[in-house]
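Visitor: Have a look at this prediction, sequence included:
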Amino acid sequence: MGARALACGPPGPLPGPPPREEGGARVRVRFAAAVAVALALPLCASAQAWPTRPVRIVVAGPAGGSADLVARILGERLAARLAQPVVVEPKPGAAGALAVGDLAQAAADGHTLLVGVNSLVSEVPHIVRLKVDMARELLPVAELARGGLVLVGGPAMPANDFAQLLAHVKSRPGQVAYASYSPGTLSHVLGLLLNRAAGLDMIHAGYKGSTAALADVMGGHVPLMFDGVPTSLPHLRSGRIRAYAVSTPRRSPLLPDVPTFRELGYAQLEAIGWMGAWLSPRVPAPLRLRVREAVLAAMDAPPVRDRLQAAGFEPGHLRSVDDMVRALEADHARVGAVLRSIDFKPE
């Protein structure tokens, strides 16, 4: 990226496929408008000088949560590279809207970033009625960490592998429940997709967070759950729950013995979640590139990868902003289509 990325001059056209689905098209239009605002404000001198004061990282999640953990790893590395203090501020609440609102109100000078999951754009707008337009206020800068969901079972599920699980559930239509960490999220949607793809009739049990849901799975009250790898990993390692399949395109290095849904013939359930660094789209393009360069350099070190994996994450993939935006559009459309099929209404 380097000096060439920071050069002044008119930006080239933004590549992107035509909208394929109504929900995705709406997100694409908002992203395109946001990117256009950013590209219309070149500010090379400020980009080269950045940062000129302490940097804030607003966390879309609680202190001690996954986003906070990743933000603190990023903050430590940025502070060392930039010779400026980096302050991490968790802003939980309103499904991430409080953190996004904080970012929107901050000066568009690259000194305020947000760390949060892709579901802020791809899922939350389907689940909660918000005053903040997530797609308009957030522009991804870099993918920091990633992971998939894992289908886990507790002592109430006698199946030893995925084939046995399918046979068990098929023989009990309408009797087997699966937990999600929140209604409307990918944890809920993947169960609906599995029902559709495998001809099952599982019942959804929505919870408010993984902790309560996993407690009921381990306690034998709910036999199954689609959960994030980081939260399930300690219990998988202790043997309190069993993993049947992961949603990632390839087997997770954290769970190498667990097959992917694609391997098992259910490519419809392939999905990833990723933690990103985000800026306001009002930040000028040269400055945005400078921030992206610093973030990517900060995260590209073996100690960082080791810390992420210890916490249950895979390191983030190097993707362009356009690639991340297209992925958000596609995920938003996919989740929306599934939820509309069950007449799901946002709260």
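Guide: In hand now; what should we look at? Numbers count the residues shown, from 1 in each chain.
Visitor: Domain-wise, how is this protein divided?
Guide: For the chain, automatic domain parsing gives the domain ranges 21-147+273-341, 149-269.
Visitor: Mind picking out the helix or strand in this structure with the poorest mean pLDDT?
Guide: Of all helical and strand segments in the chain, the minimum by mean pLDDT, DSSP states H and E falls on helix 2-6, at a mean of 33.
Visitor: mind showing which ranges of the protein have poor pLDDT?
Guide: 1-48 (pLDDT under 70).
Visitor: Spell out the residue ranges of the strands in it.
Guide: Using DSSP state E, the strands of the chain run over 55-59, 86-90, 112-117, 139-147, 149-153, 177-180, 203-206, 224-228, 242-246, 273-279, 314-315.
Visitor: For the second one, list every residue counted as buried.
Guide: When you say that, I think you mean strand 86-90. Neighbour-count burial for strand 86-90, with 16 or more other Cβ atoms under 10 Å as criterion, is recorded at 86, 88, 90. C-beta: built from backbone N, CA, C; applies to glycine.
Visitor: right, and the first one touches residue 78 too?
Guide: Yes. Using Cβ atoms under 8 Å, residue 86 and residue 78 qualify as a contacting pair, with a distance of 4.9 Å.
Visitor: hmm, back to that, out of the domains of the chain, nearest to residue 347?
Guide: Closest approach to residue 347 among these (Cβ to Cβ): domain 21-147+273-341, 5.6 Å.
Visitor: Show me how far the closest one is from its chain's centre.
Guide: Offset of domain 21-147+273-341 from its chain centre (Cα atoms, centre = their mean, to the nearest Å): 10 Å.
Visitor: Same question for stretch 340-347.
Guide: With Cα atoms, centre = their mean, you get 21 Å for stretch 340-347.
Visitor: Endpoints of that stretch, how far apart?
Guide: Counting by Cα to Cα, to the nearest Å, you get 14 Å between the two ends of stretch 340-347.
Visitor: Kindly report the same for stretch 145-161.
Guide: 28 Å.
Visitor: Give the buried residues for it.
Guide: 145-154, 156-157, 159.
Visitor: Hmm, residue 240 is touching residue 218, no?
Guide: Yes. Contact criterion Cβ under 8 Å: residue 240 and residue 218 qualify, at 5.0 Å.
Visitor: list residues touching both of those two?
Guide: Taking Cβ atoms under 8 Å, 6 or more residues apart in numbering as the contact rule, residue 240 and residue 218 both touch residue 154.
Visitor: what's the neighbour count on the residue nearest to residue 140 when sequence neighbours are not counted?
Guide: Distances taken as Cβ to Cβ, 6 or more residues apart in numbering place residue 324 nearest to residue 140, at 4.2 Å, with adjacent residues excluded. Counted with other Cβ atoms under 10 Å, residues neighbouring residue 324 total 22.
Visitor: ok, residue 324 - contacts?
Guide: Applying Cβ under 8 Å, 6+ apart to residue 324 gives the contacts 140, 143, 276.
Visitor: what's the spacing between the closest residue to residue 124 other than its chain neighbours and residue 159?
Guide: Leaving out its chain neighbours, the residue that sits closest to residue 124 by Cβ to Cβ, 6+ apart is residue 95, at 4.8 Å. With the distance defined as Cβ to Cβ, to the nearest Å, residue 95 ends up 34 Å from residue 159.
Visitor: At which residues are the helices of the stretch 101-250 of the chain located?
Guide: For the stretch 101-250 of the chain, helices defined by DSSP state H, counting those that start in this stretch occupy the ranges 119-122, 124-127, 134-137, 162-170, 186-198, 210-218, 229-238.
Visitor: I'd like to know which elements the first one is packed against.
Guide: Using 3 or more Cβ pairs under 8 Å, 6 or more residues apart in numbering; DSSP states H and E as the contact criterion, the neighbours of helix 119-122 among helices and strands are helix 134-137, helix 321-341.
Visitor: List the buried residues of it.
Guide: 119-122.
Visitor: again with the longest one
Guide: When burial is assessed from 16+ other Cβ under 10 Å, helix 186-198 yields the following buried residues: 186-195, 198.
Visitor: same question, the fourth one
Guide: In terms of neighbour count (16+ other Cβ under 10 Å), helix 162-170 has its buried residues at 162, 165-166, 168-169.
Visitor: Reformat the residues you listed as a markdown table; add distance to residue 245.
Guide: A markdown table is the format used below for the buried residues of helix 162-170 (distance: Cβ to Cβ, whole Å):
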| residue | distance to residue 245 |
| --- | --- |
| 162 | 5 |
| 165 | 9 |
| 166 | 10 |
| 168 | 14 |
| 169 | 13 |
